[in-house]
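**Q** output the structure for:
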Amino acid sequence: MKEPVRRLKRPWLVYVCVAAIAVVYFGLLAKNRHPEPGANLRYDVSDYRQVDTVETRFVETGRIKLAVEDARAMTVLAAGGLMVGGKNVVALYDEGGREVSRFSIKGTPTSITQAPGGEVLIALRDHVATFDLHGTMKKTWDSLGERAYLTSMAADEENVYVADAGNRVVYRFDRSGRLLNRIGEADPARDIRGLVVPSPYFDVALDGEGMLWVVNPGELGLENYRPNGDLITSWYKPSMKLEGFCGCCNPSHIAFTPAGSLVTCEKGLVRVKIYDVTSGEFQELVAGSELFPKEQAVRDLAVDTRGRILVLDPRHDAVRIFEVKEKTDG
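**A** Next comes the predicted model:
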């Protein structure tokens, strides 16, 4: 015989209990949500943008308007003028900013430099190719692998230094493209801490004496190496203040003036500054972040033979020119 079905005498009590449990559950869920970070943890750079409005000797004197899609790399030519690379094209400009020629390439350059003697080296993501000034390809170097992400180059009479953000190393090649050695990898025996490269902002440059300077972006500073990879000196400037570098990986770009001063550019809080490269001492501001209000990063930085500082600005599709402002009477 089937047992009789028992009916609750107070069915409404079940609904009350369910409702109470729901209130408690959602109350705890809301309580456990992560609160907004405190003031000390917020990445708020508004106060530091105000610092960047200090008086400078520099003023923006002009812009070279580019007709180059996705312009990403530039270099100053030995005979004067500028070369800019973008999607499937490289354009040449005279010192007045007028485009005088262009040639097609396959891909988008990540770095361009002119070696002594006139040869043009163009880095694509995983390899380097060499050209003459008319755009005739001379040689394609071997690929550096799937992880390679080439970001910068510097060349002298004998060597070509290539920065690879993907593999966190600087390669030294001879002028024919033969790999000679690797620079910047961690080596405690040589007192080399290793390059920290969190993103594809990883720059190299040669100073007026031909010495190699490498940005260690994750450590917010620079390192000076001999061609064989021995570390000579280094300095680091982690700070939100004007005289330092902030964020995850800065400076994003470097270049040298004809007088030998180091010019740097940063991403995030975009500002262009000048340092004494030997000591790391901040010298002066060229352009503060108020001139790059919506920028997260500029694409490249160069200094021409006249000492003008050139900034490749993707928001304006232009190369912006900064010079020491002329003194006025009175």
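
**Q** give me phi/psi at Gln283?
**A** Backbone torsions of Gln283, given as degrees, to the nearest 10, read phi -110, psi -50.

**Q** setting aside sequence neighbours, what's the nearest residue to it?
**A** Nearest residue to Gln283 in three dimensions, chain neighbours excluded: Ile274, at 4.6 Å (C-beta to C-beta, 6 or more residues apart in numbering). (Glycine included, C-beta is placed from N, CA and C.)

**Q** list the contacts for the one you found?
**A** Ile274 makes contact with 257, 261-264, 282-286, according to C-beta atoms under 8 Å, 6 or more residues apart in numbering.

**Q** which residues sit in contact with the residue nearest to Pro238 when sequence neighbours are not counted?
**A** Once flanking residues are discounted, Pro238 sits nearest to Leu220: 4.4 Å by C-beta to C-beta, 6+ apart. Shown in contact with Leu220 (C-beta under 8 Å, 6+ apart): 236-238, 244-247, 249-250.

**Q** those in strands, which ones?
**A** Among the contacts of Leu220, DSSP state E puts Tyr236 in strands.

**Q** dump the contacts of Leu220 to JSON lines, plus neighbour count.
**A** Putting these into JSON lines (neighbours: other C-beta atoms under 10 Å) gives the following:
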{"residue": "Tyr236", "neighbour count": "15"}
{"residue": "Lys237", "neighbour count": "21"}
{"residue": "Pro238", "neighbour count": "12"}
{"residue": "Gly244", "neighbour count": "17"}
{"residue": "Phe245", "neighbour count": "26"}
{"residue": "Cys246", "neighbour count": "18"}
{"residue": "Gly247", "neighbour count": "20"}
{"residue": "Cys249", "neighbour count": "24"}
{"residue": "Asn250", "neighbour count": "26"}
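
**Q** if we can go back for a sec, so what pLDDT did the residue nearest to Gln283 get?
**A** We have a pLDDT of 98 for Ile274.

**Q** for it, give the beta-bridge partners.
**A** On the basis of DSSP bridges, Ile274 takes part in beta bridges with Val263, Glu284.

**Q** same question for Ile112.
**A** Taking DSSP bridges, one obtains Ile122 as the residues bridged to Ile112.

**Q** just checking, it touches Gly85?
**A** Yes: with contact defined as C-beta atoms under 8 Å, Ile112 reaches Gly85; the gap is 5.1 Å.

**Q** if we can go back for a sec, of the contacts of Leu220, closest to Arg168?
**A** Arg168 has its nearest neighbour among the contacts of Leu220 in Cys249, at 11.5 Å by C-beta to C-beta.

**Q** ok, back up a step: by pLDDT, give me the weakest of the contacts of Leu220.
**A** Gly247 (90).

**Q** any idea which element the residue lying closest to that residue once chain neighbours are set aside lies in?
**A** Leaving aside its chain neighbours, Gly247 sits nearest to Gly268 (4.3 Å; criterion: C-beta to C-beta, 6+ apart). Using DSSP states H and E, Gly268 sits within no helix or strand.

**Q** what do Ile112 and Gly85 both touch?
**A** Common contacts of Ile112 and Gly85 (C-beta under 8 Å, 6+ apart): 73-74, 122.

**Q** for the residue most central in space within the chain, grab phi and psi.
**A** With distances taken as C-alpha atoms, centre = their mean, the residue of the chain nearest its centroid is Ser252 (2.8 Å). As for Ser252, its main-chain torsions (degrees, to the nearest 10) stand at phi -80, psi -30.
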